[in-house]
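Chemist: What shape does this take:
(one chain, ligands or ions: 1)
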Amino acid sequence: AFNFSAGPAVLPVSVLQEVQDELLCLPGARTSLMEMSHREKEFIEILHDAENSLRSLMGISDDYAVLFLQGGAALQFSMIPANLLRGTDKTAAYIQTGTWGKKAIGEAKKEGKINVVYDAATSNFNHVPAAGDYQVADDAAYLYYCSNETIQGVQFQSEPECPSSVPLISDASSDFLCRPLDINKYGLLYACAQKNAGPAGVTAVIIRRDLLDRGSDQLPGYLNYKNHAENDSEWNTPPTFAIYVLGKVARWLTNDIGGLDAMEKINREKSQLLYSAIDESDGFYASHAKPDCRSTMNVTFNLPNDELLTAFIKGAAENDLVNLKGHRSVGGIRASIYNAMPREGVECLANFMKDFASKNG
Ligand code: PLP
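Modeler: Model prediction:
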């Protein structure tokens, strides 16, 4: 079946096959990777390889540390303000464009003063702000935003405006590695792996090294970024299997896809197939996100009524198009079409949409 799950989500078939081939015994080793100490030379090589593959794919210089952490993206909601806000007299600025930003704000409030500089809640999170819609103080602790709101399907087309004195922080969990970006614009960018980068269990955190000193030694050890940076993500046992797969996904992007520019082009074409099916349906399908911020990763739309929605989901599943039900807070359909979703799957869904609309419209 074509799996449109929002996450954990589809992985490249070739990566899954490699993992299967190597599962019982890692080539060159005498055990399975899952049975291997994280201090073992073979694993250290895998760890470095995953980091280096990400660095070359994304163009990350040594000014940044790349950390592989546990606790999911959700722990970053707390780790970021714990390191960069707690104990300061500064205020952190937050842009709220959906559910995940809202959750991050809830956690940040426990750590210090925050200012929600833009809130799209009143329009049911269907857009992102334009330049000039909000102000960030020059001395803010940081500016936080979520580049792609997975539930609502709204995506920033480029980084939000931010004073150069203020570190920009992005939750890129659901659009990590979907397009090239200039990491030098960021203080910190993070993503859980289970959408575009691997299985659940690891969160990649890319942090500018000068920010590592901001965490207090009084923080619980795991929460202090510096401990992870100084110990090569081995301050405690890292999620070895998830890191191993993440490294393979990064190499797949480089070798099989041709890098992030090529990936972006594919993602634009794939998502356009679905947005065209929506736009050409004479109002049968209603897009949740406004056209200028539609996500290339999570396509959200509704049908005229609940009966048709149920029939759509059932009919799609009968055609091997699964996990299309939208999140309960938005309703409707959400088609998550991450990097590893083949174009063929999106074409099948677009055809199904057209057929369903013509029969029921
Ligand atoms: N941020 C975004 C944008 C997400 O899509 C998700 C999960 O879907 C999260 C954060 C939370 O991730 P986790 O479950 O790994 O904590």
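Chemist: contacts, neighbours, all on C-alpha from now
Modeler: Fine.
Chemist: Just the mean pLDDT for the helix or strand hosting residue 262, thanks.
Modeler: Using DSSP states H and E, residue 262 maps to helix 260-279. Throughout helix 260-279, pLDDT has a mean value of 98.
Chemist: Over to stretch 335-345?
Modeler: Here the average pLDDT along stretch 335-345 is 98.
Chemist: contact partners of it?
Modeler: Stretch 335-345 is contacted from outside by 2-6, 9-12, 175, 178, 195-196, 263, 267, 270-271, 296-300, 321, 323-326, 346, using C-alpha atoms under 8 Å, 6 or more residues apart in numbering.
Chemist: picking up where we left off before, can you name every helix or strand that the helix holding residue 262 contacts?
Modeler: Other helices and strands packing on helix 260-279, by 3 or more C-alpha pairs under 8 Å, 6 or more residues apart in numbering; DSSP states H and E, are strand 298-302, helix 343-360.
Chemist: So for residue 171, which of those sits nearest?
Modeler: strand 298-302 (15.2 Å; C-alpha to C-alpha).
Chemist: Do you have the helices of the chain handy? List them.
Modeler: 13-22, 41-58, 72-84, 99-108, 225-230, 240-252, 260-279, 306-318, 343-360 (DSSP state H).
Chemist: Only the buried residues of the fifth one, if you could.
Modeler: Applying a neighbour-count criterion of 16 or more other C-alpha atoms under 10 Å, the buried positions in helix 225-230 are 225, 226, 227, 228, 229.
Chemist: quick check, nearest of those residues to the ligand?
Modeler: Checking the buried residues of helix 225-230 against the ligand by C-alpha to the nearest ligand atom gives residue 225 as the nearest, at 17.1 Å.
Chemist: coming back round to it: could you pick out which of the buried residues of helix 225-230 are near the ligand?
Modeler: Near the ligand, judged by C-alpha under 6 Å from any ligand atom, there are no entries from the buried residues of helix 225-230.
Chemist: of all these, which comes closest to residue 289?
Modeler: residue 225 (34.7 Å).
Chemist: what's the distance between that closest one and residue 105?
Modeler: 20 Å (C-alpha to C-alpha, to the nearest Å).
Chemist: ok, back up a step: same list (the helices and strands packed on helix 260-279) but as JSON lines, adding distance to residue 189.
Modeler: Shown next, in JSON lines, are the helices and strands packed on helix 260-279 (distance: least, C-alpha to C-alpha, whole Å):
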{"stretch": "strand 298-302", "distance to residue 189": "20"}
{"stretch": "helix 343-360", "distance to residue 189": "28"}
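Chemist: Out of the ones you listed, which one sits most buried?
Modeler: Compared across the helices and strands packed on helix 260-279, strand 298-302 shows the largest average neighbour count, a mean of 26 (mean count of other C-alpha atoms under 10 Å).
Chemist: That one vs helix 260-279, what angle?
Modeler: Orientation note: strand 298-302 sits at an angle of 10 degrees relative to helix 260-279 (axes from the mean of the first three to the mean of the last three C-alpha atoms, to 10 degrees).
Chemist: Neighbouring strands of strand 298-302 in the sheet, and parallel or not?
Modeler: In the sheet, strand 298-302 lines up against strand 286-287 (antiparallel), strand 333-336 (antiparallel) (DSSP bridges).
Chemist: Now mean neighbour count and distance to residue 42 too, for these, in a markdown table please.
Modeler: Shown next, in a markdown table, are those (neighbours: other C-alpha atoms under 10 Å; distance: least, C-alpha to C-alpha, whole Å):
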| stretch | mean neighbour count | distance to residue 42 |
| --- | --- | --- |
| strand 286-287 | 18 | 48 |
| strand 333-336 | 26 | 35 |
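Chemist: mind giving me TSV with these and columns for distance to residue 238?
Modeler: Shown next, in TSV, are the strands paired with strand 298-302 (distance: least, C-alpha to C-alpha, whole Å):
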stretch	distance to residue 238
strand 286-287	40
strand 333-336	28
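Chemist: Out of the ones you listed, which gets nearest to the ligand?
Modeler: Using C-alpha to the nearest ligand atom, the nearest of the strands paired with strand 298-302 to the ligand is strand 333-336, at 10.8 Å.
Chemist: Does the closest one reach the ligand?
Modeler: No: Strand 333-336 is not in contact with the ligand by C-alpha under 6 Å from any ligand atom; minimum separation 10.8 Å.
Chemist: got it, and stretch 154-161?
Modeler: No: with C-alpha under 6 Å from any ligand atom as the measure, stretch 154-161 is seen stopping short of the ligand, the closest distance being 10.1 Å.
Chemist: Just confirm residue 286 contacts residue 280, I think it does.
Modeler: No: counting by C-alpha atoms under 8 Å, residue 286 stays clear of residue 280, with 10.7 Å between them.
Chemist: pLDDT added to the buried residues of helix 225-230, as JSON lines?
Modeler: Formatted as JSON lines, these follow (pLDDT from 0 to 100):
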{"residue": "225", "pLDDT": "98"}
{"residue": "226", "pLDDT": "98"}
{"residue": "227", "pLDDT": "98"}
{"residue": "228", "pLDDT": "98"}
{"residue": "229", "pLDDT": "98"}
